[in-house]
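Student: below is the structure, and that's it, no one-letter string:
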């Protein structure tokens with residue numbers, strides 16, 4: 001254990017380093033290699049413990065932004081819950097190495113990918129934010145997202161890691177050079193092969209603008225000053241309208257304000273509605289506004305509203321997947337007995353029941369069919385998948401990052417949007433109230449990325465593509481199949497072996 005524990009902890013730390021904003025993407029396969037190596041030849045219990053500790057070394061710093069304003073308890077609770085799945089991974093590796101499993105590196109990669117999917121859907125709807133694919137936006141492996149989504153990217157990262165682990169183990173055991181060279185060369189070839197995958201960015205286009213108005217302060221009280229965030233976005237939009245009128249900027253086909261841009265309900269507060277109406281009139285373009293609305297009943301709604309010049313609000317989308325413990329409190333009475341901080345969330349957000357798709361008239365080109373995701377929904381596969389299958393030719397991600405200060409959360413979220421752009425072959429308008437905002441083309445490249453906590457206007461033409469990638473056609477099946485095959489492999493590895501000389505059952 002004295003030799004294994006440093007390997008496991010180093011593996012978890014390497015995985016953390018692979019994600020933004022440190023973004024050393026090559027550390028991801030190395031981290032998986034170290035975690036797998038730590039469990040080779042040990043028992044199931046020790047294998048789990050090693051992975052759990054390695055997972056803690058990964059997730060405690062990775063999700064540190066969750067504890068910025070609510071303390072260490074929810075932060076560590078989330079980190080340890082995620083570390084549990086890493087423990088199951090290393091325990092499974094220990095089981096696989098107890099038998100002569102055919103193509104053991106492939107089996108290891110399947111287990112990793114299957115467990116990533118399980119933790120992305122359960123419990124409480126799962127936490128897909130830390131899927132290893134989201135560390136690979138700048139990696140050659142990112143192109144695999146177009147073929148099989150995060151499952152394909154994650155499988156490739158884990159397979160390369162397993163092959164590197166096999167090469168390292170052979171070197172440690174002083175095996176012949178071929179035993180080291182074959183898995184190492186295979187890993188390099190797998191890393192570079194996805195560069196051959198085409199990621200087209202041609203086709204008809206639309207002119208998009210995103211407004212980053214900034215927030216007066218950070219933290220949970222980012223909107224404590226009534227109407228300040230709304231006024232900020234109105235003021236920056238007024239500047240953009242003046243530039244359009246002077247010819248310094250082209251007229252946009254769609255302007256996007258981020259999540260919570262209207263920090264008070266514009267239907268209950270006429271002064272707030274007037275700010276939005278004035279911005280729509282000045283810009284003379286459709287405006288998508290993120291707003292928190294009162295109702296239904298005792299709930300509130302995290303909503304995206306489409307305003308058209310001369311028509312006012314015409315369409316709305318209500319966030320379908322509110323975030324547990326942040327936008328609604330499951331089992332409130334139970335968790336209140338653990339911490340009174342549950343009551344910082346005074347009213348639960350209601351979940352919407354309609355796919356996020358808005359068809360927006362475009363006098364300059366084809367109709368803009370905007371697929372919508374609000375904040376955390378960018379990490380949830382089925383939300384954007386259903387929008388694309390409903391006809392979305394561009395994706396709009398509206399987000400509020402003000403409560404996370406200058407942490408890595410904003411950069412992590414932008415990386416997820418970049419992988420989604422490749423996965424679905426769609427442009428993405430990633431609009432934040434405080435940054436990072438960017439325009440992302442279908443090849444995953446982020447353009448005009450903004451600085452944090454600075455007002456900004458970003459604008460440009462983005463492709464409006466309607467072709468479905470293979471990943472979009474396959475939907476959730478790569479995840480489901482890897483999880484199923486992994487379960488079968490681990491179950492077979494855990495099956496008791498018949499001892500030699502035992503009595504044969506009569507035939």
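Tutor: Now that the structure is in, tell me what you want to look at. Keep in mind it's a predicted model, so treat the numbers as computed, not measured.

Student: ok, which stretches of the stretch 151-300 of the chain are strands?
Tutor: Secondary structure of the stretch 151-300 of the chain (DSSP state E, counting those that start in this stretch): strands at 205-212, 254-256, 287-294, 300-308.

Student: contacts for the longest one next, please.
Tutor: To tie it back to what came earlier, the one meant is strand 300-308. Outside of strand 300-308, the residues within contact range by Cβ atoms under 8 Å, 6 or more residues apart in numbering are 259, 262, 266, 276-277, 280, 286-295, 313-319, 322, 327, 347-350, 352, 356, 358, 360-361, 372, 374-375, 396, 398. C-beta: built from backbone N, CA, C; applies to glycine.

Student: narrow those to those in helices?
Tutor: 276, 277, 280 (DSSP state H).

Student: counting neighbours, what do you get for the first one?
Tutor: Burial of residue 276, expressed as a neighbour count using other Cβ atoms under 10 Å, amounts to 24.

Student: what do you get for the one 5 residues further on?
Tutor: The local packing of residue 281 (other Cβ under 10 Å) involves 13 other residues.

Student: skip the chain neighbours and tell me the closest residue to it.
Tutor: Nearest-residue entry for residue 281: residue 309, 6.6 Å, with adjacent residues in sequence omitted and distances by Cβ to Cβ, 6 or more residues apart in numbering.

Student: what do you get for residue 30?
Tutor: residue 14 is the one closest to residue 30 (Cβ to Cβ, 6+ apart), at 5.0 Å.

Student: which other helices and strands does the one helix or strand the one you found maps to contact?
Tutor: Counting by DSSP states H and E, the element that carries residue 14 is helix 4-18. Packing contacts for helix 4-18, counted by 3 or more Cβ pairs under 8 Å, 6 or more residues apart in numbering; DSSP states H and E, involve helix 27-39, helix 44-62, helix 72-96.

Student: just put these in CSV and tack on distance to residue 9, mean pLDDT and mean neighbour count.
Tutor: Listed next are the helices and strands packed on helix 4-18 as CSV, based on distance: least, Cβ to Cβ, whole Å; pLDDT from 0 to 100; neighbours: other Cβ atoms under 10 Å:
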stretch, distance to residue 9, mean pLDDT, mean neighbour count
helix 27-39, 9, 96, 28
helix 44-62, 5, 97, 23
helix 72-96, 11, 93, 22
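
Student: okay, those helices in TSV with distance to residue 204 next?
Tutor: Formatted as TSV, those follow (distance: least, Cβ to Cβ, whole Å):
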stretch	distance to residue 204
helix 27-39	36
helix 44-62	39
helix 72-96	41
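
Student: closest to residue 206 out of the ones you listed?
Tutor: helix 27-39 (34.4 Å; Cβ to Cβ).

Student: tell me the gap between the closest one and the middle of its chain.
Tutor: 22 Å (Cα atoms, centre = their mean, to the nearest Å).

Student: cool, stretch 439-453 as well?
Tutor: 15 Å.

Student: again, but for stretch 246-266
Tutor: Worked out by Cα atoms, centre = their mean, stretch 246-266 lies 24 Å from the chain centre.

Student: now stretch 465-482
Tutor: On Cα atoms, centre = their mean, the centre of stretch 465-482 falls 16 Å from that of its chain.

Student: is residue 462 in a helix, a strand, or coil?
Tutor: At residue 462 the chain is in strand, as set by DSSP: H, G, I helix; E, B strand; the rest coil.

Student: in space, what's closest to it - neighbours in sequence excluded?
Tutor: residue 427 (3.7 Å).

Student: for that neighbour, give its distance to residue 421.
Tutor: Between residue 427 and residue 421 the computed distance is 7 Å (Cβ to Cβ, to the nearest Å).

Student: in terms of neighbours, single out the busier of these two.
Tutor: With neighbours defined as other Cβ under 10 Å, residue 427 and residue 421 compare such that residue 421 has more, 30 against 27.

Student: confirm that one sits in a helix?
Tutor: Yes - applying three-state DSSP, one finds residue 421 inside a helix.

Student: next, the contact list for it, please.
Tutor: Contacts of residue 421 (Cβ under 8 Å, 6+ apart): 395, 427, 428, 440, 441, 442, 443, 444.

Student: try it again at 10 Å.
Tutor: Counting by Cβ atoms under 10 Å, 6 or more residues apart in numbering, residue 421 makes contact with 137, 142, 145-146, 199, 201, 394-395, 397, 427-428, 430, 440-446, 462.

Student: and what of residue 427?
Tutor: By Cβ under 10 Å, 6+ apart, the contact set of residue 427 is 201, 203, 205-206, 208, 393-396, 421, 439-443, 447, 460-465.

Student: any figure for the gap between it and residue 131?
Tutor: From residue 427 to residue 131 the distance is 22 Å (Cβ to Cβ).
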